[in-house]
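K.L.:
Take a look and give me a structure for this.
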Amino acid sequence: MTRLARQVIADCEIALEMLEAQHDLARWRVHWAGALALLRAVGHVLQKVDGANPKVRRQIDVAYDRWKAQRTENAIFWEFIEQERNNILKEYRFNLHPLDHVDVAVMLTVRQPDTGNIVQIPQIIPIEENIYRPVLDGHSEGDDARDVYQEALDWWDAELTAIERALSESSDANIRS
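P.N.:
Sure thing, here's the model as predicted:
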């Protein structure tokens, strides 16, 4: 069914673990490039290898047509999986915060003890140790890149499950007829 595409997803999970553990920015960037290549490889392997079976290929084509027709609902594919892979592999351009640490602006709301008045105080908080690596622009702007990567993995899992379910249902229908 989608056996080899599922194997690529398993490797994507390992890549995500490596991204979570890596603190050195240069090494993290290399892991990110590999992780995005793997993430996009799920679809290529699904189509070219798992799709070598004509029955499987028909369901993959149906799914792909649905992704194209419903671009907004499948934005994680078009605007992250596809676009970020292209940014890195075709232009070596990363849509991520480029520095070792990220400064985050927050507004603290405090109550003054003597008057009881509530005031807001702006504060800049540096976040280090690769705890937060935000996407700079586009899909999920401002979210941590690893969270968006996990969202993409969840999307792939749901899509492969839908393809497998459709294959199972068509097999069941053939058996009954």
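K.L.:
Which residue ranges of the chain form helices?
P.N.:
Counting by DSSP state H, the chain has helices at residues 3-21, 25-48, 54-69, 75, 83-91, 145-176.
K.L.:
Among the ones you listed, which comes closest to Leu108?
P.N.:
Each of these was scored for nearness to Leu108 using CB to CB, and the closest is helix 145-176 (24.3 Å). Backbone N, C-alpha and C define where each C-beta goes, glycine included.
K.L.:
Serialize the helices of the chain to JSON lines and add fields for mean pLDDT, distance to Ile125 and mean neighbour count.
P.N.:
Below are these laid out as JSON lines (pLDDT from 0 to 100; distance: least, CB to CB, whole Å; neighbours: other CB atoms under 10 Å):
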{"stretch": "helix 3-21", "mean pLDDT": "97", "distance to Ile125": "21", "mean neighbour count": "16"}
{"stretch": "helix 25-48", "mean pLDDT": "96", "distance to Ile125": "19", "mean neighbour count": "19"}
{"stretch": "helix 54-69", "mean pLDDT": "96", "distance to Ile125": "39", "mean neighbour count": "15"}
{"stretch": "helix 75", "mean pLDDT": "97", "distance to Ile125": "30", "mean neighbour count": "17"}
{"stretch": "helix 83-91", "mean pLDDT": "95", "distance to Ile125": "27", "mean neighbour count": "16"}
{"stretch": "helix 145-176", "mean pLDDT": "90", "distance to Ile125": "19", "mean neighbour count": "15"}
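K.L.:
Now tabulate these in CSV and tack on distance to Asn117.
P.N.:
Converted to CSV, the helices of the chain look like this (distance: least, CB to CB, whole Å):
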stretch, distance to Asn117
helix 3-21, 42
helix 25-48, 42
helix 54-69, 53
helix 75, 43
helix 83-91, 46
helix 145-176, 37
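K.L.:
I'd like to know which of the ones you listed is closest to Tyr132.
P.N.:
Nearest to Tyr132, of these and by CB to CB, is helix 145-176 at 9.2 Å.
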